[in-house]
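Undergrad: predicted model follows, preceded by the sequence.
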Amino acid sequence: MKRYRLLVLFFLIANAISGWAQTEKPDDFLPMDFHQDRREALRAKMPPNSVAVFFANPVRNRSNDVDYHYHQDPNFYYLTGHTEPHAVLLIFKEKQQVNAESFDEIIFVRGHDALKELYDGGRLGKEGARKTLKIDVTFEGSDFKEYNIDFSKFDKVLFYDFHNDVRDTKEDGDLYDLIATFKQKINYPDEKEMTIEVEPAENKLDTKSLDKMMKSLRGIKTEEELELLRKAVKISALGQAEVMKAMHPGMSELEVQGMHEFIYKKYQAEHEGYPSIVGAGHNGCVLHYIENYKPKIEDGELILMDLGAEYHGYTADVTRTLPVNGKFTKEQKIIYDLVYEAQEAAMAICKEGTTFKELYAATARVINQGLVELGIYKSLQKEDIINPATGRNRYYPHGCTHHIGLDVHDLGENDTLRAGMVITIEPGIYIPEGSPCDPKWWNIPVRIEDDFLITEEGYELLSDLAPRRSEEVEALMAQPSSFENITLPSLEE
Ligand code: GLY
Ligand code: MN
Ligand code: MN
């Protein structure tokens with residue numbers, strides 16, 4: 001009896017504490033009307049008598065009792081604004097009639113747990129979800145099993161196929177349970193049957209069409225999204241400009257990364273949109289170099305910095321390449337200016353109707369031609385340009401354009417530019433040591449990457465706070481920096 005009273009007291013206190021622990025949040029996140037409107041837009045694209053099912057992202061364990069910072073699945077976030085794990089959303093094409101209730105969407109969310117909320121902060125719970133997310137019908141995840149829904153009555157059950165990497169947290173109604181319950185309710189075929197490709201048109205369980213619908217929605221940004229994207233890009237470009245002023249030989253790559261990320265946080269961008277790439281000298285030739293370990297950046301090197309702030313879910317993707325000592329060498333400037341010219345060539349045709357392929361072709365034409373004129377490629381023949389080991393263009397081995405948004409490589413149609421798309425243009429030249437050309441070109445990595453909103457008239461350059469031209473980069477690098485006033489004691493003393 002005594003034990004029971006103690007337990008009740010514990011839960012009352014924990015509940016009260018979790019009530020007090022409501023966290024303060026900036027007020028410029030996407031409004032709930034946006035998410036509601038996006039659900040409507042998806043519903044309009046869904047075929048008759050269909051239901052679309054979306055799951056929240058899994059929690060990823062880092063080690064022992066520490067998880068990675070949770071990041072919601074972008075589709076789930078786009079459609080709900082819900083930032084908690086262990087949830088499933090059902091969107092129906094038509095209104096469903098159950099007893100006296102009529103509804104066309106349901107969400108199952110985590111239930112309250114005083115002890116967990118004491119550590120991790122408040123959960124919305126089903127009441128909170130109804131009020132906050134503006135979804136009429138809300139349940140707890142643990143209700144999904146008993147929830148009476150006959151998926152067989154729909155002509156199409158639309159969902160993304162599962163990755164088999166969701167762990168069981170042993171909590172009733174967690175993501176593991178939600179997926180298992182859904183599979184059971186739809187008679188999800190076992191793995192062997194799923195390997196037989198079935199055309200979506202003939203398949204009631206459709207794991208292909210939803211992605212197409214989401215691509216067409218997410219690829220065209222709304223005004224609310226543009227506001228956040230503009231901010232993310234502005235903060236990232238400002239980071240590049242400030243680092244240009246602060247850069248000098250002797251800094252470490254991590255220190256440079258830290259300066260960018262300090263600026264992101266200063267302007268309330270909560271994350272990096274992807275692991276920050278800061279590579280000096282030959283490290284810059286590794287396209288996605290994220291170790292950023294070099295302790296001392298050397299005089300005369302180039303440093304390639306590809307970073308993006310994530311502001312309230314939306315991420316920028318901006319790259320600048322600097323001469324560490326403030327002045328490009330002759331060879332560095334020649335390669336830098338060639339990349340700049342390639343980017344300008346793509347920008348010259350960047351407007352509605354241009355294809356993604358044409359943007360790439362415009363940059364590749366300038367780069368390949370330029371490298372032939374410099375004697376770095378022997379000729380424009382395929383065998384002189386393609387590296388047989390990778391099958392890619394030897395010194396320009398990556399694409400030129402992708403969407404940005406909730407993902408750095410955002411969902412969107414990669415065919416033709418349309419107003420409302422936000423894309424990157426990011427040509428580059430990377431000449432690693434040992435390349436089959438004059439060694440004076442070795443260890444020159446250059447990428448220039450900017451973010452563009454496609455408009456009816458052409459484009460708007462969103463990342464213009466960071467200079468692109470070599471002369472402007474050098475001029476800004478000669479300016480004093482606010483970081484100069486930060487002096488810290490040595491750990492050796
Ligand atoms: N930061 C990765 C990319 O530029 O696509
Ligand atoms: Mn990019
Ligand atoms: Mn990038």
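TA: In hand now; what should we look at? Ligands and ions are numbered 1, 2, ... in the order given.
Undergrad: ok, and for stretch 479-490, which residues are buried?
TA: Under the neighbour-count criterion of 16 or more other C-beta atoms under 10 Å, stretch 479-490 has 481, 483 buried. For every residue, glycine as well, the C-beta is placed using N, CA and C.
Undergrad: please save the CA atoms from it in CSV.
TA: What follows is stretch 479-490 as a C-alpha-only set of coordinates in CSV (Å, rounded to 0.1, in the frame of the first residue of the first chain):
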residue,chain,number,x,y,z
GLN,A,479,38.9,43.0,-44.8
PRO,A,480,39.1,42.8,-41.0
SER,A,481,37.2,40.1,-39.3
SER,A,482,35.1,40.0,-36.1
PHE,A,483,36.7,36.6,-35.3
GLU,A,484,40.1,38.3,-34.9
ASN,A,485,39.0,39.6,-31.5
ILE,A,486,38.5,36.1,-30.2
THR,A,487,41.7,35.0,-28.5
LEU,A,488,41.8,31.9,-26.4
PRO,A,489,44.5,30.5,-24.1
SER,A,490,46.7,27.6,-25.3
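Undergrad: distance from it to the middle of the chain?
TA: For stretch 479-490, the separation from the chain centroid amounts to 32 Å (computed by C-alpha atoms, centre = their mean, to the nearest Å).
Undergrad: isn't residue 332 right up against residue 443?
TA: No. With contacts counted by C-beta atoms under 8 Å, residue 332 stays clear of residue 443, the gap being 9.7 Å.
Undergrad: who touches both of those two?
TA: Applying C-beta atoms under 8 Å, 6 or more residues apart in numbering, one finds that residue 332 and residue 443 are jointly contacted by residue 302.
Undergrad: is it correct that residue 424 falls within a helix?
TA: No. Secondary structure of residue 424 (DSSP: H, G, I helix; E, B strand; the rest coil): strand, not part of a helix.
Undergrad: from what I can see it touches residue 405, true?
TA: No. Assessed by C-beta under 8 Å, residue 424 is found out of contact with residue 405, at 11.2 Å.
Undergrad: for these two, indicate the residue with more neighbours.
TA: In this comparison of residue 424 against residue 405, neighbours counted by other C-beta atoms under 10 Å, the higher total goes to residue 405 at 27 against 24.
Undergrad: my reading is that residue 322 lies in a strand. Confirm?
TA: Yes. Residue state for residue 322 (three-state DSSP) corresponds to a strand.
Undergrad: so what's the residue count around it?
TA: 25.
Undergrad: from residue 167, how far out is it?
TA: Here the criterion is C-beta to C-beta, to the nearest Å. By it, residue 322 lies 43 Å from residue 167.
Undergrad: just residue 351 next, same as before
TA: In this view, residue 351 and residue 167 are 47 Å apart by C-beta to C-beta.
Undergrad: who are the contact partners of residue 94?
TA: Residues near residue 94 by C-beta under 8 Å, 6+ apart: 48, 49, 104.
Undergrad: sec struct for the residue most central in space within the chain, please.
TA: The centre of the chain sits closest to residue 407, judged by C-alpha atoms, centre = their mean, with a distance of 2.4 Å. Residue 407 carries the three-state label coil when classified by three-state DSSP.
Undergrad: just the pLDDT for the closest residue to it other than its chain neighbours.
TA: Using C-beta to C-beta, 6 or more residues apart in numbering and skipping residues adjacent in sequence, the residue nearest residue 407 is residue 74, 5.4 Å away. At residue 74, the predicted lDDT confidence score is 98.
Undergrad: brilliant, that's me finished.
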